[in-house]
Each structure stands twice: as structure tokens, then as C-alpha cells.
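Undergrad: Quick one: sequence plus predicted model below, questions after.
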Amino acid sequence: MTMHIDPRSLLHAMFDAAIARAMPDKCVPPFLPSPPQGRTLVVGAGKAAATMAQAVEAHWDADLSGLVVTRYGHHVACKRIEVVEAAHPVPDLAGREAAERMLAMVQGLSADDLVLCLISGGGSALLTLPAPGLTLQDKQAINRALLRSGANISEMNCVRKHLSAIKGGRLAAACHPARVVTLTISDVPGDDPAVIASGPTVPDSTTFADARAILRKYAITEPQAVIAHLEAAREETPKPGDVHLARCETHLIAAPQQSLEAAAEVALRAGVTPLILGDSLEGEARDVALVHAGIARQVARRGQPAAAPCVLLSGGETTVTVRGNGRGGRNVEFLLALAVALDGESGVYALAGDTDGVDGTEDNAGAVVTPDTLARAAAAGVDAKAHLADNDGYSFFSALGDLVKTGPTLTNVNDFRALLITGR
């Protein structure tokens with residue numbers, strides 16, 4: 001069977017549906033607690049923090065105040081909750097000052113008070129408060145090293161927790177004895193609240209020894225102050241069962257799986273069979289691309305595991321070990337490797353993008369691959385393999401006019417990938 005809908009339009013419609021499912025105005029209100037006898041304080045961090053705060057304000061009739069920090073360009077207007085913008089993925093002074101103020105704000109609360117914590121992806125870099133003896137420059141240096149190393153998000157956040165005065169449950173411990181209700185939007189494989197934004201209100205089961213092992217794994221030996229801090233291991237993060245976190249509860253209000261299911265519904269309405277491969281696929285972007293290409297070829301040539309027209313949907317966060325000097329994030333790296341692997345396979349189209357609208361540090365969410373991607377590139381004198389070797393997916397897809405640009409979406413449920421096999 002051959003489909004009669006424009007492949008690009010369908011790919012974009014599925015991506016739009018995935019993002020819409022995770023918007024805070026839809027997913028925050030059902031999880032709001034009742035107002036307390038005492039004060040309500042709102043704190044939070046992440047790419048969706050401002051829109052989450054706005055949704056709280058719209059549905060909260062009692063007194064309310066607070067502070068959230070989001071990425072530059074992700075600000076939305078709030079009346080009672082202050083919104084601060086800071087840098088991501090490498091932290092800056094604005095993020096550090098916001099974290100410092102937030103930690104001070106939750107001191108001296110009573111058991112009658114409520115802290116509503118709004119957490120989403122990106123919060124780990126945005127909520128940066130170096131542990132005693134460390135500087136912002138130390139945190140910036142280790143972040144850059146981890147970003148280039150190929151470490152996955154769980155590994156990165158394990159290290160970050162043990163260099164922080166606010167992550168890994170420390171923010172919640174500072175709120176004691178107040179009740180702490182955390183609403184979280186997941187951008188991590190497995191949806192573990194302890195990993196999302198380095199779990200500032202969640203007990204931490206990782207240790208200083210784990211953090212040291214991660215740096216050894218990726219041969220990261222600088223800065224010296226960081227290494228010395230991890231070796232000293234003076235003050236562990238709050239662990240499960242810690243009395244200071246006894247009145248903490250966490251609600252997962254949006255996750256990658258829900259967004260994949262929203263995209264699948266769009267496909268079904270278009271007469272296309274959706275196959276969700278997984279919501280937490282990890283690995284080097286190029287390797288994940290090879291696997292996706294192999295499955296797409298099996299569909300196109302043998303009608304397995306489903307006959308065309310069908311779409312392969314997946315979420316999760318790949319990694320890129322940076323060896324070149326090009327521009328681009330995980331999604332264009334995946335797509336460029338996919339295009340090379342497919343080598344013009346007939347009837348296979350793909351879109352991959354970050355649901356926050358920013359692939360890495362660029363101005364695109366992702367890009368689109370079509371059966372004639374390599375042919376169009378060759379005609380324009382653009383060498384796909386050379387661009388891949390230089391980690392330069394952005395420039396490659398920019399030259400073809402195939403970048404996907406949404407602007408900041410103000411939510412974040414990780415990467416979205418769709419491979420549409422239309423039939424021959």
C-alpha cells in the first residue's frame with residue numbers, strides 16, 4: 001500500500017503533536033496540591049520552568065511567591081513568581097546567583113508551609129551553586145569536558161550532584177520541615193526523578209566514588225579543584241530514607257512516552273502504522289542511526305516488522321563524542337549518519353528534533369532527511385561524509401534548507417525521532 005499524504009507534512013505534524021502533549025498549560029494543573037495553612041513558595045529550574053510557573057499562577061487562587069530560573073530566550077511573563085534567565089548547557093553567573101537566592105529563600109520554613117518545585121530538563125546547568133571550595137569556573141570547565149566526552153545524562157548529573165550545594169536532594173533538605181511537592185517534566189531516559197535536573201528535591205543513591213569513576217572512565221583530569229573535591233568526599237548528598245526528605249513527594253507530569261503516543265495517534269489518523277521502538281534509547285548518535293536505518297530497510301524491503309506505510313518512533317537522548325570542529329547537536333548528527341547509512345533508500349523519510357526547540361546550542365530543533373538528501377547534497381557540492389567526520393550536521397542541513405526551526409518550545413521531553421517508510 002502506498003500512502004497519499006505529503007511525508008514532510010506528516011513528519012512535522014507528528015513532531016508538533018509530541019511537543020503539544022508536553023506543554024505545561026495542559027500537564028501542570030491536574031497535579032497541583034491544595035493550598036497549605038502557611039506560605040506557598042514556588043521554586044524551580046529548567047527550560048520549561050517559566051511556562052510551568054505561569055500555569056501554576058493561572059490555577060492558584062491563594063497567596064503565592066517564588067523564583068524560577070530558565071534558559072535565555074525561554075522567559076514568559078509571570079505576576080507573582082520571579083523568572084530569571086541563565087545559560088545552558090554551560091552554567092553562568094546568572095544561574096549561580098539565582099540558585100543562591102533560591103536556597104536562601106527556603107530557609108526557616110515551618111511545617112505549615114508548602115514548597116512547590118517545578119523541574120524540567122536543563123535544570124542541572126541552570127541551577128548551579130558550587131559546593132564550598134569550588135568556583136563557577138570549575139563548574140563551567142567540568143561541564144564542557146563532560147559535554148565533549150560522550151558521557152550520558154545520568155553520568156553527567158551524577159558528577160554535577162557531587163559538585164553542588166543545591167542538587168541531589170540538597171534543595172529539599174534545606175526546605176525541611178516544610179512539605180515539598182515537585183512537579184517534573186522528564187527529559188531523561190527512564191524518567192528517573194533523581195536524574196532530571198540532577199534531582200534537587202529527590203534523594204540521591206549515587207556517591208562520590210561513582211562520580212570519581214565517571215571522570216576516570218572518560219579520562220577527565222581537570223580542573224584540579226574538582227578532582228580534589230571528589231577525592232575528599234566530605235559531605236554526601238541526602239540518601240533514600242533521610243529524615244529531611246520525609247515530607248517530599250514527586251509527580252511526573254509529562255514524559256517522552258506520552259509524546260510518542262501523541263505522535264502515534266497522528267500517524268494512525270493518516271493511515272500510517274506507528275511502531276514505537278522505545279522512549280529511552282541511548283548511545284552514540286551515529287550508532288543509533290545505523291540501527292534505525294537497518295530497521296527502516298527491513299520495513300521497506302521485506303515488510304517487517306510492519307508493512308509500509310509505517311513510521312518508526314523513538315525518544316531518548318543520544319550522545320556525541322565531539323572530534324571535529326563543526327556545528328550541530330545530537331539530532332543533526334543522528335540524521336546525517338542516518339542519511340549516509342540509508343544511501344538514498346527509496347521511500348524513507350525522517351525527522352529528528354529536540355522537543356525544547358534547541359538542538360545542542362544552535363537555533364534549530366533538528367532537521368529532515370528525504371530519499372534524495374544525498375543526491376541534492378552532491379549536486380550542491382556538499383560532502384555528507386566529510387561533514388559527518390567534522391560533527392557538522394548543522395551546516396550540512398542548512399545548505400539543503402532542511403533544518404527544522406521551531407524556536408524555544410518552552411517544554412522539554414527529550415529528543416524525538418520519526419522514520420516514515422511510505423512504500424514503493
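TA: Received, thanks.
Undergrad: what ranges do the strands span in the stretch 301-424 of the chain?
TA: Using DSSP state E, counting those that start in this stretch, the strands of the stretch 301-424 of the chain run over 310-316, 318-319, 348-354, 366-369, 403-404, 415-421.
Undergrad: Flag the shaky bits of the stretch 1-150 of the chain, pLDDT-wise.
TA: Applying pLDDT under 70 to the stretch 1-150 of the chain flags residues 1-4.
Undergrad: right, I mislabeled it, should have said the stretch 301-424 of the chain
TA: Flagging of the stretch 301-424 of the chain using pLDDT under 70 yields the residue ranges 424.
Undergrad: How about residue 74, nearest residue that isn't a chain neighbour?
TA: Distances taken as CB to CB, 6 or more residues apart in numbering put residue 408 closest to residue 74, at 4.9 Å, once the chain neighbours are dropped. C-beta here means a position set from N, CA and C on the backbone, and glycine is covered the same way.
Undergrad: Might one say that that neighbour is in contact with residue 71?
TA: Yes - using CB atoms under 8 Å, residue 408 makes contact with residue 71 at a distance of 7.3 Å.
Undergrad: quick one: common contacting residues for the two?
TA: Shared contacts of residue 408 and residue 71 (CB atoms under 8 Å, 6 or more residues apart in numbering): 47, 358.
Undergrad: Compare the strands of the stretch 301-424 of the chain and give me the one nearest residue 276.
TA: Closest to residue 276 of the strands of the stretch 301-424 of the chain is strand 310-316 (CB to CB; 4.9 Å).
Undergrad: Need the CA coordinates for that closest one. CSV is fine.
TA: The C-alpha trace of strand 310-316 is given here as CSV (Å, rounded to 0.1, in the frame of the first residue of the first chain):
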residue,chain,number,x,y,z
CYS,A,310,4.5,2.9,8.7
VAL,A,311,6.5,5.1,11.0
LEU,A,312,9.3,4.2,13.4
LEU,A,313,9.1,6.5,16.5
SER,A,314,11.7,6.7,19.3
GLY,A,315,12.7,9.0,22.1
GLY,A,316,15.6,9.3,24.5
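Undergrad: contacts for that strand?
TA: Counting contacts by CB under 8 Å, 6+ apart, the residues touching strand 310-316 from outside are 10, 14, 189, 256-257, 259-260, 263-264, 267, 272-282, 292, 295-296, 299, 413-421.
Undergrad: same question, stretch 203-222
TA: For stretch 203-222, contacts defined as CB under 8 Å, 6+ apart pick out 141-142, 145-146, 149-151, 155, 158-159, 161-163, 168-169, 194, 226-227, 230-231, 233, 236-242, 245.
Undergrad: Can you tell me which of the residues you listed end up in helices?
TA: Using DSSP state H, the members of these that fall in helices are 141-142, 145-146, 149, 155, 158-159, 161, 226-227, 230-231.
Undergrad: ok, which pair from those is furthest apart?
TA: Across the ones in helices among the contacts of stretch 203-222 (CB to CB), the longest gap, 19.5 Å, separates 149 and 231.
Undergrad: Which one of these two is surrounded by more residues?
TA: With neighbours defined as other CB atoms under 10 Å, residue 149 and residue 231 compare such that residue 149 has more, 19 against 9.
Undergrad: Tell me if I'm right that that one and residue 321 touch.
TA: Yes - counting by CB under 8 Å, residue 149 does reach residue 321; the two are 7.0 Å apart.
Undergrad: Tell me where the stretch 1-150 of the chain has strands.
TA: Taking DSSP E, counting those that start in this stretch as the criterion, the stretch 1-150 of the chain contains strands spanning 40-45, 65-71, 81-86, 114-119.
Undergrad: Could you dump these into a markdown table and include mean neighbour count and distance to residue 200?
TA: Output for those, formatted as a markdown table (neighbours: other CB atoms under 10 Å; distance: least, CB to CB, whole Å):
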| stretch | mean neighbour count | distance to residue 200 |
| --- | --- | --- |
| strand 40-45 | 29 | 7 |
| strand 65-71 | 26 | 11 |
| strand 81-86 | 20 | 15 |
| strand 114-119 | 28 | 7 |
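Undergrad: among those, which is nearest residue 130?
TA: So among those, strand 81-86 is nearest, using CB to CB, at 14.2 Å.
Undergrad: Just list what that closest one packs against, helices and strands only.
TA: Secondary-structure packing of strand 81-86 (3 or more CB pairs under 8 Å, 6 or more residues apart in numbering; DSSP states H and E): helix 49-58, strand 65-71, helix 93-105.
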